[in-house]
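J.: A predicted structure for the sequence below; I have some questions about it.
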Amino acid sequence: SELRVGFTLDAMTLDPANHRKRETETIIRNIYDGLLTRDAKMKVVPELAESWTQVDPQTYDFKVRQGVTFHDGTPMTADDIVFTFERLTKDDAMGGQTSPRKDLVGPIKEIKKIDDRTVRFSLSEPWPILPAMLPVQEVVSKAFTEKVGSQGLATQTNGTGPFKLVEWRKGDSIILQRYDAYYGGATEIPPVGKACVDRVIFRVIPENASRVAALLAGEVDIINELPPYDMKKVETNSNTKVMKVNGTRTFFVALNNTKKPFDDPRVRQAANMAINKALIIDKVLLGTAVPLNGVMSPDAFGYNPDLPAYPFDADKAKKLLAEAGYPNGVDATIDTEGAFKEITEAVASMLTKAGIRTKVNVGEGSTLRAKWAPKSDKSGDMYFTSWGNGSLDPADIFVPTLRTGDRGNSAYYSNKEVDVLLDAANVEVDQAKRADLYKRAQAIVNKDAPWIFLWLPQDLYGVSKRVSGWEPSADSRINLHDACVK
Amino acid sequence: MSVAQPHPLLEIRNLEKVYQLNSGLLQRIARQPPLSLRAVDKVTFSVKAGETLGLIGESGCGKSTLARTVLRLHEPTGGSITFDGTDITKLPQKDMTALRRRMQIIFQDPYASLNPRKSVEDIVGLPLALHGLAHRREIRDRVVAMLESVGLKTAHLGRFPHQFSGGQRQRIGIARALILNPSFVVCDEPVSALDVSVQAQIIALLESLKRELGLTYLFISHDIGVIGHVSDRIAVMYLGDIVEIGPARELLREPKHPYTKALLSAVPQIDAGAKRERVKLTGDLPSPLAPPPGCKFHTRCPFAVDRCRRQVPALRNVGSDRTAACHLVDAA
Amino acid sequence: MKPLALISRITQLVPVLLGVSVIVFVMMALTPGDPVEIMLADQQATPEQVQAMRHDMGLDRPALERFGIFLSNALTGDFGLSFFHRRPVFDVIAERLPATIELTLAALLLALAISIPLGVVAAVKKNGVVDRLAAIGSLFGTSLPGFWFGIILIILFAVQFKLLPVSGRLDFGCEVPPVTHLMTVDSLLRGRPSCFADALSHLILPALTLSLPMAAVLTRVQRSAMLEVLRSDYIVFAEAKGISRRRILWRHALKNALVPTVTVAAIETGSLLGGNMVVETVFGWPGLGRLVVESIFVRNYPLVQAAVLLYAVTYVLLNFFADVLYTTLNPRVRL
Amino acid sequence: MSAPLLSVRSLKTCFPTRAGLVTAVDGVDLDVYPGECLGIVGESGSGKSVTFASVIGLVRSPGYVAEGSIRFGGVDLRRLDSNGWRRLRGRDIAMTMQDALTALNPALTVAEQIEEVLLAHAEDLPKRGRQAAVRERAIEMLRLVGIPAPAKRIDDYPHQFSGGMRQRIMIAIALSCRPKLLIADEPTTALDVTIQAQVLDLISDLRRELGMSVVLITHDLGVVAEHTDRVAVMYAGQVVEAGPTRELIDRPKHPYTRGLIGLIPRLSDLDAPIRPIEGQVPELIGLGGICRFYDRCEFRASKCRTDISMIDVGPDHRARCIRVEEILQ
Amino acid sequence: MTAAVEASVVTPERIETPAWQSLRRFAADRFSMAAGIVVLIFVLMAILAPWFAPQDPYETDLLRRLQPPAWMEGGEWSYVLGCDALGRDILSRIIYGTRISITIGLAVVLIATVIGTVLGLAAGYLRGWVDIAISRVIDILLGFPYLIFAIALMAMMGPGLQNIILALVYKEWVVPARVVRGEVLAAREMEYVEAARAVGAPRLHIMFREILPNILSSVIVVSTIRMAHVIILEASLSFLGIGVQPPTASWGSMVADGRAFILDAWWVSTFPGIAILALVLSINVASQGLRDAFDPKFSD
Ligand SMILES: Nc1ncnc2c1ncn2[C@@H]1O[C@H](COP(=O)(O)OP(=O)(O)OP(=O)(O)O)[C@@H](O)[C@H]1O
Ligand SMILES: Nc1ncnc2c1ncn2[C@@H]1O[C@H](COP(=O)(O)OP(=O)(O)OP(=O)(O)O)[C@@H](O)[C@H]1O
Ligand SMILES: [Mg+2]
Ligand SMILES: [Mg+2]
């Protein structure tokens, strides 16, 4: 049996340590397993590790699962794990290059094999999210890597995952075959055992309309990034259905907190009140998003459910504007990428009706990113953008987007209080306390309104009714181990 | 016809025009020998004021090149041109422009030589406007006068060349050449594109203008009948060389150079009795890119001897006022 | 003559390539956007890591120095590593190139196969039914935006009638050991007719979309060239010789009338090569065009530079081939 | 005299154009007898080429033969179908074109262009080894027209030959199947005098050798005088005078012919002034009801304002003028 | 002897310039004339858009999102061609979009033609290093895949009407430049050029007053044909997301936006697609007519 996935992008490389691309990760993750993984509910569970223990805030011990073999038949050992993580964290460890994923494993000082069954990670400072980050690192074979070299690993694989590589037709498809000697995968995610389908094919179809067409034509069984508008089409087709899962990408409009008029919190609050989020979600996103009042997903660690919502109230917004000294409204420009043009126009027209006369400026993604970088000349007014949070941990979204001067802080938001809370949370080992720190920070941000808080869209998949046993996962991964086809 | 005066209006010495054919950077890199085409090869002659010098020769022998080089429409690559006592070979373009008022050219092709997008008034009036010789009104008056003297009418002023027949177009070309009152006019095959009956009209016109205005012509044609009719003297060209010059009548009656002989005998004659004995040539014109050594004519000459293959004959006096370049002709 | 012509082309290539490199480099240097930031999008990274990555990519050097390094490496055939694939640009391009070549060639052949006979018949039966239809067809061909047409074809042939696949290059049952890397050719060479059929079915729609505007232009060129040739003296003379009409048309006339078609086809193929990213995107065709566009958006400078150079070389070579063909069609022209 | 090989009667050929219907040939009668050379003279546009394009069935579209009969060796050519034409052309009637530089296909070798005629028509060639025989005959033809080293040069392309050689190659092609009639349309216009003489001599020699008839179209009366037996003078789509060459030149009857002869500069008499015929040839649209030479004729009279037909003016000598008698006085 | 020569060729009362004649021939060709009228209607529509458009093209109303055309179920006659994803009237947007397409088409072609003509004239007439330099630049631009060029340029300069025009001009001038250069190379060998030199005309006079008028008709014809190309190109740029700025309606971006809904809200991209087709088609037909009218070769 054969399962085909219509996928937006090709893998950049098949070397697990040499990319920073979510789509690449999705493909590789079906070939390689990691020490830990996540179930569909985003709970972190052991995979190649049998279990792990936190010895102290800076030390973790992982128990190595026995009887796991690589696709070439050689057994996986603690040495392979040490090798994998040294390759990730040591400078120039990959044939002269440094892994771009280095930071994703945090401040690791040393990885040591304690005995054949135990590997110890020592950190240079506390980093409580280490387990949450480990599901995105995959274990490679030391012997194989040394044989083919770091370059070779880009196109040749030898993983421990449920599928092995048959052929990679670059730009076109990746063909995988079931690995029959698979150890079964994470024991906490049933069913355990080898993969259900014989063959898995990732087909690269970047154009939305074509991808949907391919699903409807029966050429593929699962497609990702189903446009909301096509849901109806997929639902009414007798052979296909829509599957949704809460996503991890937060959408917002970054307001330039350092420049008139948005340096005034009242104007920012007015902007939040100008938007009829419910209408947009209902009409444009066809109900496939949850409204947000802050930065984090409801599924994320430390989510604060008690944040007040800014009500949709254009009159109140105008009043606030007048209070802030703009009785005749203000003119502003909103930057956005081509992909979000339509929805940004909807937002802009609502802002305009509330007195913030907004012009949409569609730019190319990378250019806009540069324009709104924290080190830029801060010339923009508004920026319709988003931030993904695959780990569902605030450290991965809250800190970069809202801590003073951090990489993703395109609103140029700066609040000492928030910075202190975030820094404390970053090293707090007690998860309950850590969650509380984040909740407090969220409340402050909600009041300051550095952004127009928007929504968290669901990930939509079009799935053939032949497929069973597969569920979309909140981290946008497509794990095909358990998927079956009729 | 007016009497030839002693001092030459135009004097050409060793005039030479070499076209460089492939002289691109690349050919030089590839070490290809540069291809040069010697279109006019050290030609010497003079035209006296008031006379008509006829120039005859087969297609491609360099007649037009000579005409253009004399007027410096193409720059000569060697030799000198003296016009009315001034050496104009190296004259700067600006001074040359002034001199152009006195030396003009009538072209072969009445279709190609008139700009199809300009009215007759613009075409004929252009020389006046360019030289700032007259104002608008005045220009029109002078154009009208000129048109009338070449047999066109005021009504034709606003028309465009395509609305005229070949003969009328050639008249426009003549008007353009003459409106500046030149003293010297090069006629580069002015009738060969025209029909026989129109040819005659144009030739008659050119002759009467010459009489009225005291012009000096360098008259080029490949039609020996026409040349014989209009010329005082005739020069015969072969592959870039002048092979014979002499007074029209004598040259036609008694050609000296074998090429001239062959040429004349090849002209089909309408009168049964006029048939001369045929000097038959064999073979084709050699390529001007690789002219034969020695006398250029020896490959086709029925009289060629060994010397002709080796030695280039110089133009020599072969009678009163007659020169020819042939080893076999007795010097006078 | 021939080797000299080749040398001439190559010397011509040098300033063109240099110019193209300078333009592409300057453009890239002036374009805002930072590949490291793009690579790290949405993910956390310490300033040290950012610095390390910039160093890895050579972005920490001044632009002029980068250009120098690029040039001197390019002379030795080394175009550096693709930022995102972390593999030699050369390899990444080489993997995608065959698909583009196959698509372009197919479109070219299709366009020629449509336009030459159509143009000839239209000219011979001037103002006839075929002529009228060809005129209307080629008007539509030049007026249709390709992206729109492609989607319509997909909806018609793939979704509605399910005759042809939506996207991709070859189905998975077919693993043809590569020879030329052109799937249609390889499957034939390896004696796999079913794979050939499969490869062909994938090729048809994108090739058709790509070829239609070109076929439209070529039909017009072919028709007017043919009309012109048919008016010429040597055709009348050939008729006066009492040889067959077929021979006059397909030997006497066509050989001459192909000359402008070849020239235009070369120019059009050049723009086809550079312009097929739209079609590649719509049909999920794993070609170079898509890769290059994606690379521009993520500021993958090494790949863009190399690809643009490749396009320029191809353009010059195409013109060279056209000239060679030209000389065989028209012996008067010498290279 | 024997029966004519080609006989044209009241031929009328028209071209529809934007300006109106051009009647390029209007009521032409001509006979060509076996073995003779008929000269056709007239100014540019007088209908010389179109007349013979009509004869060989190659009037360019949208032109068409409107009226008249064309009989060749007893066959009515206007009734031929395309197969009949194909068998006739090149084999019985051959033609050389006005401009040798453009009449040979630049893209095909000379060999191919000669051989294809032979392959199409020469039935006497053996079935086996036909290709070789054809090639041999092609080479022989080239030798006949005086191309040096024909075996070596036969595989060259036309542009590799000079203008005179191309003209000769065209003659070789036309004559390769030994036609009964050769139509030579201004075979020397594009050539120099010395080369022109060579080509005309060649045609005359071959005519005698092969015993064919030749129609020599030209605008040069000198050529006519030297090379033809009989001559027809055309003006504005009509034959205005026809007769034996010497007779016509020495005693021209029609005012146009007289003018034509009068305006040719003669080397034998350089002082004889040229007397041009003033005016221009009329446009060929909507003529009729008046003598076509009326505007330019010094003898015009009111009675010339009618359609004029040919009258006998001497033995085998006819002219299209009703005032011949008066003029001669 | 200078007897008046009767001009029987021309009737004396009607004196026509060649250009005027060509235009008359164009007018006589009913098919091209009709196309020309369609183009004219589009131009009028562009100028008078506010009077033509039944609705405000920028007024969004999410409640009307993807409302179908009037004759379909759920449509209404005040929104004849239906609404787009933001509930804006498609017909009004198409009418306003005419402005963009025609402005861009005209501006690009005008600027490119002027630049290309001047450079082509210089290259063709002056020859030498001027020719070499210009020809190399043309080669470079032609060797540079256009879309890559445009994308990079737009990424560099940001989208916007002027920048689109610039990006298109950058490449587009090459076409007239090549055509003009070729024509000039032929024209400079004509005797009338030599004749002008013989009476002492300076180079600029010859280039612009003698040669230019003669090649102008081919320039005009090429330009009109290119205009059709430019309109499609602009649409392609919009398709790749680097077109004009919202909320300005451009046909290309309308097609591109509507492509997301093509499977059932087909009207969103189909109508602007048809508009592109109609305008481009009529420009093409009209320019073919122009060419035929200007080119004596096509006169039969
Ligand atoms: N611009 C040029 N570049 C290179 N060669 C040229 C050029 N002009 C003329 N020639 C060559 O110079 C030679 C003489 O040409 P020219 O035009 O002077 O001959 P001509 O005697 O006027 O011939 P025709 O009777 O055909 O007008 C020819 O071989 C011609 O090919
Ligand atoms: N295809 C055509 N369309 C319209 N008119 C034509 C066509 N061909 C010839 N004619 C007209 O027919 C008349 C006779 O042309 P023809 O070619 O027979 O002249 P000709 O005597 O051979 O002249 P030349 O000496 O120039 O060859 C001309 O006035 C011309 O205008
Ligand atoms: Mg000449
Ligand atoms: Mg003729």
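T.: Yep, it's here. Numbers count the residues shown, from 1 in each chain, chains lettered A, B, ... in the order given. Ligands and ions are numbered 1, 2, ... in the order given.

J.: does the residue nearest to residue C:252 when sequence neighbours are not counted sit in a helix, a strand or a coil?
T.: For residue C:252, ignoring the flanking residues on the chain, the nearest one in space by CB to CB, 6 or more residues apart in numbering or on different chains is residue C:238 at 4.9 Å. To be clear about C-beta, it is placed using only N, CA and C from the backbone, and glycine gets the same treatment. Following DSSP: H, G, I helix; E, B strand; the rest coil, we place residue C:238 in the helix state.

J.: What count of nearby residues applies to the single nearest residue of the stretch 51-200 of chain A relative to ligand 1?
T.: Residue of the stretch 51-200 of chain A nearest ligand 1, by CB to the nearest ligand atom: residue A:171 (53.3 Å). Residue A:171 is flanked by 25 other residues according to other CB atoms under 10 Å in any protein chain shown.

J.: Equivalent analysis for the one 5 residues further on, please.
T.: Other residues near residue A:176 come to 28 when the count uses other CB under 10 Å.

J.: Also residue D:315?
T.: Applying other CB under 10 Å, we find 8 residues neighbouring residue D:315.

J.: and it, what does it touch?
T.: Residues near residue D:315 by CB atoms under 8 Å, 6 or more residues apart in numbering or on different chains: D:244, D:247.

J.: Show the pLDDT at it.
T.: Here the pLDDT value assigned to residue D:315 is 88.

J.: Please apply the same query to the one 3 residues further on.
T.: At residue D:318, the predicted lDDT confidence score is 93.

J.: With residue B:274 instead?
T.: 62.

J.: Quick check: closest non-adjacent residue to the residue of the stretch 301-450 of chain A found nearest chain D.
T.: The minimum distance from the stretch 301-450 of chain A to chain D, using CB to the nearest CB, falls at residue A:364 (50.3 Å). Among residues not flanking residue A:364 along the chain, residue E:155 sits closest, at 4.6 Å (CB to CB, 6+ apart).

J.: next SSE after the helix or strand hosting the one you found?
T.: In this structure, residue E:155 is located in helix E:146-157 according to DSSP states H and E. Later in the chain than helix E:146-157, the nearest helix or strand by DSSP H and E is helix E:161-172.

J.: Give me every residue in contact with that next one, excluding its own residues.
T.: Contacts of helix E:161-172 (CB under 8 Å, 6+ apart): E:100, E:103-104, E:107-109, E:111-112, E:115-116, E:141, E:146, E:149-150, E:153-154, E:157, E:226, E:230, E:233-234, E:237, E:242-245, E:248.

J.: State the number of residues packed around the closest residue to ligand 1 within the stretch 51-200 of chain C.
T.: Nearest to ligand 1 in the stretch 51-200 of chain C, going by CB to the nearest ligand atom, is residue C:123, at a distance of 33.8 Å. Using other CB under 10 Å, residue C:123 has 23 other residues around it.

J.: need the helices for chain A, in chain order.
T.: Using DSSP state H, the helices of chain A run over A:22-28, A:78-89, A:130-133, A:142-152, A:208-216, A:231-236, A:265-274, A:277-283, A:314-323, A:341-353, A:365-371, A:398-402, A:416-427, A:431-448.

J.: Tell me the residues of the stretch 201-300 of chain E that contact ligand 1?
T.: If contacts are counted using CB under 6 Å from any ligand atom, no residue of the stretch 201-300 of chain E sits beside ligand 1.

J.: right, and residue B:237 touches residue B:56 too?
T.: Yes - counting by CB atoms under 8 Å, residue B:237 touches residue B:56, with 7.0 Å between them.

J.: Of the two, give the one with the bigger neighbour count.
T.: For the pair residue B:237 and residue B:56, the greater number of neighbours falls to residue B:56 (27 against 24), based on other CB under 10 Å.

J.: Who are the contact partners of the spatially closest residue to the more buried one that is not a sequence neighbour?
T.: Once flanking residues are discounted, residue B:56 sits nearest to residue B:227: 4.9 Å by CB to CB, 6+ apart. Contact analysis of residue B:227 by CB under 8 Å, 6+ apart lists B:54-56, B:219, B:221, B:234, B:248.

J.: wait, what's in contact with residue B:152?
T.: B:120, B:168, B:171-172, B:175, E:5.

J.: Chain C versus residue A:41, what's the distance?
T.: Residue A:41 sits 22 Å away from chain C, going by CB to the nearest CB, to the nearest Å.
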